[in-house]
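*Asks:* Kindly generate the corresponding structure for this input.
(chains A and B)
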Amino acid sequence: MGMPQLDWGGVAPFVILTLTALGILVFDLLLGPRHKVQLTYLGLTGVLLTLALLVSGFGDRERMVGNMLILDDFSRFFHLVFLLIAALTLLVSVKDMEEESIHQGEYYALILFATLGMMVMASATDLIMLFLGLEALSIPLYILSGFFRKRLSSNESALKYLLLGAFASAFLLYGIAFLYGSVGSTRLPKIAAHLSRGTAWENPLVFLGVGLLLVGLAFKVAAVPFHMWLPDVYEGAPTSVTAFMIAGTKAAAFAGLLRAFGTALTPLRTEWVAPLWVLAFLTMGVGNVAALTQQSIKRMLAYSSIAHAGYLLVAFLAGTSRGFSSILFYLVVYAFMNLGAFTVIIALARQGEERPTLSAYAGLGFRHPVLAFSMAVFMFSLAGLPPTGGFMGKFYIFTAAVEADYVGLAVVAVLCSLISVFFYLRVVVVMYMQESPEGQPSPVFSPAIVITLVLATLATLQLGVLPAGVWDLAVRSVQSFWG
Amino acid sequence: MPLLSLVIFLPAVGAVGILVLPRKRQDLIRGAALAISIFTFLLSIKLLVDFQPGVGGMQFVEEAAWIPSLGISYKLGIDGISLFLVLLTTFLTAIAILASTGVVHRLKEYMVAMLLLETGMIGVFLALDLVLFYVFWEATLLPMYFIIGIWGGPRRVYATIKFVLYTMAGSLLMLVAIIGVAVLHARAGASATFDLTVLMNAEIPPAMQTWLFLAFGLAFAIKVPMFPFHTWLPDAHVEAPTAGSVLLAGVLLKMGTYGFLRFALPLFPQATLTFLPWISGLALIGIVYGAWVAMVQPDLKSLVAYSSVSHLGFVMLGIFALNGEGIAGSLLQMVNHGLSTGALFLLVGMIYERRHTRMIADYGGLFRGIPLFGGTFLLVVLSSIGLPGLNGFVGEFLILLGTFRVHPLYAVIAVTGIVWAAWYMLGMVRQVLFGPITHPENADVADLSWNERIVLIPVLVLIVWIGVYPTPFLSRMEASVERVIVRVERQQIIHSSRFTVDGKKRVVSREAIAVNRESVTVNEEEER
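*Replies:* Below you'll find the model as predicted:
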């Protein structure tokens, strides 16, 4: 094996994003402290350029870096989701950064590096590449979650994330090692070919490898019981970073799960279906029940993100192309509704406040009808009520589950949704059915926040009323996944 | 012209229009909302005029692709079953908006919620695609959630959350069942579809029917509400503002009974027969239990709320008699209950605005001071307990007739319900309207204002009209009711050979069904 030949058409999106991030680091040195905002524009330009490049390439299929990365429609779909999340995060970050007066260029560069890691993960056709992507995603996030270095909660968040993240990575790497040892390759297609010969039982270490891999990915997906780190990390991190993690890492982790278990390990499906069933069951149940009692809205959404991972696992278990398409669709909806909700939280956050509680939202429905309306839309969507994208997403997932004969799990999922209605609607109750106390600070409406809010609201509603376009794209992308 | 879509979405579009009106101009907001609701009502009158009475199948059908890859379509249609429920909805919404003079706080949002609710309710009655139906079904939930939660009484938050959680507990399982029906249909080799008219002819294995019927039935039974799923209703009614109660009792509860008739029966004919004794039994318990509990209520609104449980028990009993009289009577009784109970809630609201109490014990001797109110109240109560010559009698009589033909014992038990109703309703009238004036405040209450008279007169006219001359209503229902019965019984023959043995209970000759089957196919061709 000589030097891996580089196919510039395929790597261009990755290269542009890297160059943008590096450019931000350089410009950061040249700009005065008052002008750091311009780095946002630079970052946005890079992201949008990459986005345009990816959109124009739909339908192509390119392999690169010695066949370890692939750019097909499946990865393109994920890349679009990641870049959308990154763009919206960049937009809403400015307020957070300015209020803590830690306006630094590294922040934007780290967001882009993490996005790059996610993209690598979604494109990986080799376990090593998958691992590299995961690390490229995680390490910037360790730093970002501790970015408010004067806050105790932010420090706690970073430390916990680092320690538990390291554990997860170790599990994953150990799993990869066992798989390599017993199969002889880290290439996903080769592993699939080897395992489909039905000789897996000759070497039980394969199963150890699969199990460790599953645990590692379950950590990243935050499936119960591997979720313990998530609430503290998400609550303590700067709100804009939480928004990025909640939408982005979830999508990336599922991209990894689909790449590894959706193709290479499908021959062993009968072995890992049962543990995954239990994981999905627990994740939905524990996530929703724990969210019931939360007072802090960030923590509530953190638990809700665990619950949503459970719904996604149901779709993953279905294992059909409709199941995988519904994961893709749901991740889009999920990104918009969560980023939207976090934008509202950012707009309402008081300077220096570490744990925003629900009481700040009392009477918001009549103080700021537009802000409250969009928050209500996001809550209804998270609860899965029509006519929002959240409903359509769940509908697709349930359809996939019922089609694949996972009716029991579908019933569990709807009962869990019922629990979730209670705590999502509590936010609406506080906003519309409680009087606002005196002296509430008025929310800050920077143009960036308004744009994000309008975009997220319209997208959430549009995905609920006319979902066919995105759905068809998801179906097409999954078709390319199986080649 | 897509008339059905217009009727559905006119209120929603109007609601968006109201959003941009200036908040301070309350008259303008009221006027605009009223105008929109009246215009919607007139559009639905046009539906009634153009409706062809003899046709059993769907009319005014509209169809467009919505999510083609899953076979979900935007399909609407109206028949004799949904026709009067749509009219009831547009009528009661206009009345409710007219009667909302008491609302001054956050008026704009209130009117927006009312109009969005109207869109959802009409959509439920017109949707022919199961997913579309589900979307409208849930879409009625949110406006009512806000109406109770923002403009309701002291325990409004508790009541509204209970309302939402109860309703969703049923509807989410129904969602899984909806998917199940479509998946089963697609597995049989057909192309994926959620179209009710297609799925109705699907052959679902009996074992599956049982589960699917349970899921659909739970959603509908909670909405009706049938005993023992009724506990959300008194809370919601007591806390809701007057207009909310009117629409809740008048229309939202009918979504449950309509659901049984439109979906559960034709989709799962076998399971319908399996569960028939259970549902009839629960309906009977509801009739008697609702009446007994109503008897001891100190609060006017909760008395009316429990009387609804009892009345809706009649409707369920009639539907599950599975014959022409029973189902037609139930349909008519749905309209009747909407009118009578709607009017009762309006009257209770009116007297509450004067005296700020709903306790029966706080009243007495009202008739002397306010005879107009007293007379109207008495008339509405009499219609509610089924006095001949008023609307309630026709519906209850048909239901009892239909029930008696198949289960004489059920009919006998149900009749006692009428006796109880007379007991608690007239007892309440006696305590409120007659007797000595024990509270001096009751002596100088103002009688009905002009606005209140305008609200009540249309309802009273309909109450008398249906009581005296119900034929125009019944004749438009007949063909569609017949169609449902034929569907259930045809499926019965196809699936079960026991049917011919069991001929005593449901006497339908094979020849008659063969003829009907032809007429059904003819109707289906007409639809296209």
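*Asks:* and the one helix or strand residue A:133 maps to, average pLDDT?
*Replies:* Here residue A:133, judged by DSSP states H and E, is contained in helix A:127-145. Averaging pLDDT along helix A:127-145 yields 93.
*Asks:* go on, stretch A:250-257?
*Replies:* 93.
*Asks:* what about residue B:61, helix or strand, and which?
*Replies:* strand B:59-67.
*Asks:* model confidence over that strand, on average?
*Replies:* The model assigns strand B:59-67 a mean pLDDT of 90.
*Asks:* packing partners for the helix or strand following it?
*Replies:* Per DSSP H and E, the first helix or strand lying C-terminal to strand B:59-67 is strand B:72-78. Secondary-structure packing of strand B:72-78 (3 or more Cβ pairs under 8 Å, 6 or more residues apart in numbering or on different chains; DSSP states H and E): helix B:3-19, strand B:59-67, helix B:107-126, helix B:130-139. All C-beta spots, glycine's among them, are computed from the backbone N, C-alpha and C.
*Asks:* buried ones in the very next helix or strand once past the last one?
*Replies:* Spelled out, it's helix B:130-139. Beyond helix B:130-139 on the C-terminal side, the first helix or strand identified by DSSP H and E is helix B:141-151. Buried residues in helix B:141-151, counted by 16 or more other Cβ atoms under 10 Å in any protein chain shown: B:141-151.
*Asks:* Quick one: residues contacting the nearest residue to residue B:84 once chain neighbours are set aside.
*Replies:* Of all residues beyond its chain neighbours, the one nearest residue B:84 is residue B:335 (5.2 Å), with distances taken as Cβ to Cβ, 6 or more residues apart in numbering or on different chains. Residues near residue B:335 by Cβ atoms under 8 Å, 6 or more residues apart in numbering or on different chains: B:84-85, B:88, B:391, B:395, B:466, B:473.
*Asks:* Residue B:456 now?
*Replies:* Contacts of residue B:456 by Cβ under 8 Å, 6+ apart are B:343, B:346-347, B:376, B:448.
*Asks:* Return the subset of the residues you listed lying in strands.
*Replies:* Using DSSP state E, no member of the contacts of residue B:456 falls in strands.
*Asks:* Out of those residues, flag the one nearest to residue A:215.
*Replies:* Nearest to residue A:215 among those: residue B:346, at 62.9 Å, using Cβ to Cβ.
*Asks:* Can you give me the pLDDT of the nearest residue to that closest one once chain neighbours are set aside?
*Replies:* Spatially, and ignoring its direct neighbours in sequence, residue B:346 is nearest to residue B:99 (5.5 Å; Cβ to Cβ, 6+ apart). Residue B:99 carries a pLDDT value of 89.
*Asks:* quick one: residue B:99 and residue B:241 touch, right?
*Replies:* No. Residue B:99 is not in contact with residue B:241 according to Cβ atoms under 8 Å; the separation is 9.9 Å.
*Asks:* Low-confidence regions, the stretch 251-400 of chain A specifically.
*Replies:* A:351-355 (pLDDT under 70).
*Asks:* Would you mind pulling up the elements that the strand or helix carrying residue B:423 packs against?
*Replies:* Assigning secondary structure by DSSP H and E places residue B:423 in helix B:408-433. Helix B:408-433 sits against helix B:269-295, helix B:300-319, helix B:366-369, helix B:371-384, helix B:391-406, with contacts defined as 3+ Cβ pairs under 8 Å, 6+ apart.
*Asks:* Okay, angle between whichever helix or strand comes after that helix and helix B:371-384 too, please.
*Replies:* Elements were assigned by DSSP H and E; along the chain past helix B:408-433, the next helix or strand is helix B:450-468. Angle of helix B:450-468 versus helix B:371-384, following axes from the mean of the first three to the mean of the last three Cα atoms, to 10 degrees, is 30 degrees.
*Asks:* for the helix ranked longest in chain A, which positions count as buried?
*Replies:* Secondary structure assigned by DSSP state H gives helix A:152-183 as the longest helix of chain A. Of the residues in helix A:152-183, A:153-154, A:156-162, A:164-165, A:168-169, A:171-180, A:182-183 count as buried by neighbour count, 16+ other Cβ under 10 Å.
*Asks:* repeat for stretch B:220-228
*Replies:* Using 16+ other Cβ under 10 Å as the test for burial, stretch B:220-228 gives B:220-227.
*Asks:* what does the average pLDDT come to for it?
*Replies:* For stretch B:220-228, mean pLDDT rounds to 91.
*Asks:* Now the buried residues of helix B:141-151 in a markdown table, please, with extra columns for distance to chain A.
*Replies:* Output for those, formatted as a markdown table (distance: Cβ to the nearest Cβ, whole Å):
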| residue | distance to chain A |
| --- | --- |
| B:141 | 7 |
| B:142 | 7 |
| B:143 | 12 |
| B:144 | 13 |
| B:145 | 8 |
| B:146 | 6 |
| B:147 | 11 |
| B:148 | 9 |
| B:149 | 5 |
| B:150 | 6 |
| B:151 | 10 |
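*Asks:* For residue A:216, give me its contacts.
*Replies:* Here residue A:216 is in contact with A:168-175 (Cβ under 8 Å, 6+ apart).
*Asks:* mind checking how far it is from residue A:187?
*Replies:* Distance from residue A:216 to residue A:187, counting by Cβ to Cβ, to the nearest Å: 19 Å.
*Asks:* any idea whether residue B:207 is helix, strand or coil?
*Replies:* Three-state call for residue B:207 (DSSP: H, G, I helix; E, B strand; the rest coil): helix.
*Asks:* Could I get the contacting residues of it?
*Replies:* Applying Cβ under 8 Å, 6+ apart, no residues contact residue B:207.
*Asks:* contacting residues around the residue nearest to residue B:432 when sequence neighbours are not counted?
*Replies:* Take residue B:432 and drop its neighbours on the chain: the residue closest to it by Cβ to Cβ, 6+ apart is residue B:363, 4.3 Å away. Residues near residue B:363 by Cβ under 8 Å, 6+ apart: B:351, B:355, B:357, B:431-433, B:439, B:442.
*Asks:* do the same with residue A:202
*Replies:* By Cβ under 8 Å, 6+ apart, residue A:202 has no neighbours at all.
*Asks:* Can you pull up the most central residue in chain B?
*Replies:* Most central in chain B under Cα atoms, centre = their mean is residue B:254, positioned 1.7 Å from the mean C-alpha point.
*Asks:* Skipping adjacent residues, who's closest to that one in space?
*Replies:* Nearest one to residue B:254, counting by Cβ to Cβ, 6+ apart, is residue B:334 at 4.8 Å.
*Asks:* does the closest residue to chain B within the stretch 101-250 of chain A sit in a helix, a strand or a coil?
*Replies:* For the stretch 101-250 of chain A and chain B, the shortest gap (Cβ to the nearest Cβ) falls at residue A:224, measuring 21.3 Å. Residue A:224 falls in the coil class when you classify it by three-state DSSP.
*Asks:* burial measure for it, as a count.
*Replies:* 23 (other Cβ atoms under 10 Å in any protein chain shown).
*Asks:* For chain B, which residues are neighbours of chain A?
*Replies:* Contact residues (Cβ under 8 Å from any Cβ of the partner chain) of chain B with chain A: B:66-70, B:106, B:109, B:131, B:134-135, B:138-139, B:141-142, B:145-146, B:149-150, B:156-157, B:160-161, B:164-165, B:168-169, B:172-173, B:175-176, B:179-180, B:182-183.
*Asks:* Filter these down to the buried ones, PyMOL style.
*Replies:* To isolate the buried members of the residues of chain B next to chain A in PyMOL, using 16+ other Cβ under 10 Å:
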select buried, chain B and resi 66+67+70+106+109+131+134+135+138+139+141+142+145+146+149+150+156+157+160+161+164+168+169+172+173+175+176+179+180+182+183
